[in-house]
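Colleague: My questions concern the predicted model and sequence given below.
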Amino acid sequence: MTGKNLLAATKGIVFDLDDTLYSQRSFKLSGFRAVSEWLAATFRLDANCCYQGLEQVMSETSPSYPHIFDLFIERNKLPPDCLDIMVRIFVEHWPHISCYPSARLLLGKLRRIYHVGILTDGRLTVQQRKVQALDIESDVDMVLYSDSMGLEKPANELYRWYEKRFPWKESILSISVITHIKILSGRNSGVGELFEFKLGVCRSRCRRSFLCGRRSGKFD
């Protein structure tokens, strides 16, 4: 099936959130800013220096590295028990993030033709704050938080949830930054072809799977 034929058969498109519609790195930096302000007030440190230190650790590791705060505490000889507070502040802070401009534009264009949704993994309250901060809920028809169902992608139940709520009969195209692109038939939701989405082009991977390990391009 060509990309053109794929989109012609598609009735609904479901997007991932993190690093698909906005930069996950920007969320991390937003959290680092909130943590840095607490560190400055608590230990009489310079907030900007703390922020730059956290950013440096992330640059040396990766945005998904789980021990950024641990390394920062070790390097700056801070009390180990401040880790829990730093994590709590990071998790509970109001994020200062924004959508990729072209992603918001794309959502608007797609919604004229398709039913459009968002399916996102992660802690429920954190993901809800992200959606609110992005002011993106009005740009789609529905948002499903996998944590609200106690599941993670690519659980079939998450896609079936959309099938039950959107009036489509043919297929769902699911898109994420690492190409969770799953075509679900309304008649047989457990079987479908996997497609790679990159810069507006869909190519059949001819595999019956939810995940494709190749990274596709972002919208920006």
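Modeller: Done, it's in.

Colleague: List the contacts of G117.
Modeller: 12-15, 140-144, 162, 166 (C-beta atoms under 8 Å, 6 or more residues apart in numbering). For every residue, glycine as well, the C-beta is placed using N, CA and C.

Colleague: for those residues, which one is nearest A41?
Modeller: V143 (34.7 Å; C-beta to C-beta).

Colleague: doesn't that closest one fall inside a strand?
Modeller: Yes: under DSSP: H, G, I helix; E, B strand; the rest coil, V143 falls within a strand.

Colleague: who's the residue lying closest to it once chain neighbours are set aside bridged to?
Modeller: In space, and not counting its chain neighbours, V143 is closest to I118: 4.5 Å by C-beta to C-beta, 6 or more residues apart in numbering. Applying DSSP bridges to I118 gives these bridge partners: F15, V143.

Colleague: Okay, I118 and R129: tell me how far apart.
Modeller: Going from I118 to R129 by C-beta to C-beta, to the nearest Å gives 14 Å.

Colleague: ok, back up a step: considering the contacts of G117, which possesses the most neighbours?
Modeller: Within the contacts of G117, most neighbours by other C-beta atoms under 10 Å means V14, with 30 neighbours.

Colleague: Do you have the helices of this structure handy? List them.
Modeller: 3-9, 24-43, 47-60, 68-75, 82-92, 101-111, 124-134, 156-165 (DSSP state H).

Colleague: count of neighbours near K77?
Modeller: 6.

Colleague: in stretch 146-159, what counts as buried?
Modeller: Taking 16 or more other C-beta atoms under 10 Å as the neighbour-count basis, stretch 146-159 is seen to contain the buried residues 146-147, 151, 153-154, 158-159.

Colleague: Could you report the pLDDT at the residue of the chain most remote from its centre?
Modeller: Most distant residue from the mean C-alpha position of the chain: R44, 34.8 Å away (C-alpha atoms, centre = their mean). Each residue has a pLDDT score; the one for R44 is 95.

Colleague: do the same with the one 5 residues further on
Modeller: pLDDT, the model's per-residue confidence, is 97 for C49.

Colleague: Including distance to V91 and pLDDT, could the buried residues of stretch 146-159 go into CSV?
Modeller: Listed next are the buried residues of stretch 146-159 as CSV, based on distance: C-beta to C-beta, whole Å; pLDDT from 0 to 100:
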residue, distance to V91, pLDDT
S146, 17, 95
D147, 13, 97
L151, 20, 94
K153, 21, 83
P154, 25, 78
L158, 23, 86
Y159, 28, 79
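
Colleague: Show me which of the residues you listed is closest to V35.
Modeller: D147 (22.7 Å).

Colleague: Isn't that closest one up against G122?
Modeller: Yes: the pair D147 / G122 is scored as a contact, 6.5 Å apart, by C-beta atoms under 8 Å.

Colleague: neighbour count winner among I118 and R129?
Modeller: Set I118 next to R129 and count neighbours by other C-beta under 10 Å: I118 wins out with 23 against 18.
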